[in-house]
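1. curious how this folds, go ahead:
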Amino acid sequence: MTRTHPLTLLLLLCLVSTAQAQPATIQGTVRDAAGETLPGVNVVVDGTARGAATNAVGFYEIAGGPAGAWVLVASAVGFETARQALTLAPGEAVTVDFVLVEKLIESDEVVVTASRRAQRFSEAPISLSIV
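-> Got it, this is the predicted structure:
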C-alpha cells in the first residue's frame, strides 16, 4: 500500500482551484445596419454593473468576468437594444459582435426662448415654461 503525502494533495487542490478561478473575457465590435462602427454604445452583462462602452472604432472588451452563462445587452440612444446569450468556460476569450437597428425617437415639441438681459421669471413679457 502506498501512502499519499498530504503536501501532494494540497498542491493538487491548489492547481484545480486556480484553473477554475481564471477569468473569462468578452470582446467585439458594434455596428449599425449599414456596417458602420458605432462609438459610445454601452455593452453590459444583464443584471450587473459589469460592462464597457465602445471606443471610437466600435470595439469593446469586458475582462475579468466569471465563467458561466451570461446575457450581453448592447444599447445606444436612437437604436433598438440588442441581446445575446452565451456560456463561458474558465479563462475563455469570446468575440461577440452586435448589429444595432436604428429606432425613431418621438417626443413632444420643445420651445427654447432667451433674452439679452437677466430678468425674473415673473417679469418676462412673454409666456415661459420651465422644462
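
2. hey, let's count contacts and neighbours off CA atoms from now on
-> Noted.

3. now the spatially most central residue of the chain: how far from Gln84?
-> Centroid-nearest residue in the chain, with C-alpha atoms, centre = their mean: Val43, separated by 2.0 Å. Going from Val43 to Gln84 by C-alpha to C-alpha, to the nearest Å gives 11 Å.

4. shared neighbours of these two, anything?
-> Here Val43 and Gln84 have Leu72, Val73 as joint contacts, going by C-alpha atoms under 8 Å, 6 or more residues apart in numbering.

5. the protein: helices as residue ranges?
-> 6-20 (DSSP state H).

6. those strands in it, which residues are they?
-> 24-32, 42-45, 51-53, 59-65, 68-75, 82-88, 93-95, 98-100 (DSSP state E).

7. take those and lay them out in TSV including mean pLDDT and distance to Glu106.
-> TSV is the format used below for the strands of the chain (pLDDT from 0 to 100; distance: least, C-alpha to C-alpha, whole Å):
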stretch	mean pLDDT	distance to Glu106
strand 24-32	94	20
strand 42-45	96	22
strand 51-53	95	25
strand 59-65	91	29
strand 68-75	94	17
strand 82-88	94	20
strand 93-95	93	34
strand 98-100	97	18
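
8. tell me which of those sits nearest to Val110.
-> Proximity to Val110 (C-alpha to C-alpha) singles out strand 68-75 among the strands of the chain, at 25.0 Å.
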